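S.K.: have a look; sequence and predicted model below, questions after that.
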Amino acid sequence: MSHNFAEFIPANIAVLTVSDTRTEETDTSGQFLVDALKEAGHILRMKSIVIDDVYKIRAIVANWVADEKTQVILVTGGTGFTLRDSTPEALTPLFDKRIEGFGELFRAISYQEIGSSTIQSRAIAGFSNRTVIFAMPGSTGACKTAWNGIIKEQIDARHSPCNFMQNVGF
């Protein structure tokens, strides 16, 4: 079923920063996402910072997914290739469906900004229990790229011809 709404409908969004070093005071990426989602008219449901550990990341996201009021989860950090980067490994088992195009489009947009270094990003997205999850790199610039270039439109129920809010239910 494809439908778009004439009026803005705020989404309930959780933000997770994956980092071994960030604190609430130094989490510029997570704070950007919080500010951006609020500015767009959405509702911040929860925010947390977790160390880069597969099971700790997965536990937090699984709990948020189990909360039927959470419609969108934004994860920043842990998508690179260092030994500690484990966000894709943590999230992938939770996905009922992957959104292959998110990572592809993120890297295409990012290429225009940072060139071939974008190949270092393992940005991913998917659905879990009717919750859409976007995982992007930990830099504030990457969060701006993902939000402004993809996520902001895709979680706006008015966006045509389609958007992800059609799949999360209201």
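M.R.: Sure thing, it's come through. Numbers count the residues shown, from 1 in each chain.

S.K.: gap between Arg58 and Ser116?
M.R.: 31 Å (Cβ to Cβ, to the nearest Å). Using the backbone N, CA and C atoms, a C-beta is placed for each residue, glycine as well.

S.K.: all helices for the protein, in order.
M.R.: 28-39, 54-66, 87-91, 100-114, 140-146, 152-154, 165-168 (DSSP state H).

S.K.: so Arg58 and Ser116 - more neighbours on which side?
M.R.: Arg58 (19 against 7; other Cβ atoms under 10 Å).

S.K.: count of residues packed around Ala125?
M.R.: Considering only other Cβ under 10 Å, Ala125 is surrounded by 28 other residues.

S.K.: which residues does it contact?
M.R.: By Cβ atoms under 8 Å, 6 or more residues apart in numbering, Ala125 lies in contact with Arg98, Ile99, Phe102, Gly103, Val132, Ile133, Phe134, Ala135.

S.K.: from these, which ones fall inside strands?
M.R.: Residues of those located in strands (DSSP state E): Arg98, Val132, Ile133, Phe134, Ala135.

S.K.: and the pLDDT for Thr82?
M.R.: We have a pLDDT of 86 for Thr82.

S.K.: over to the one 4 residues further on?
M.R.: In this prediction, Ser86 carries a pLDDT score of 94.

S.K.: wait, what's in contact with it?
M.R.: Counting by Cβ under 8 Å, 6+ apart, Ser86 touches Asp52, Asp53, Val54, Ile57, Gly78.
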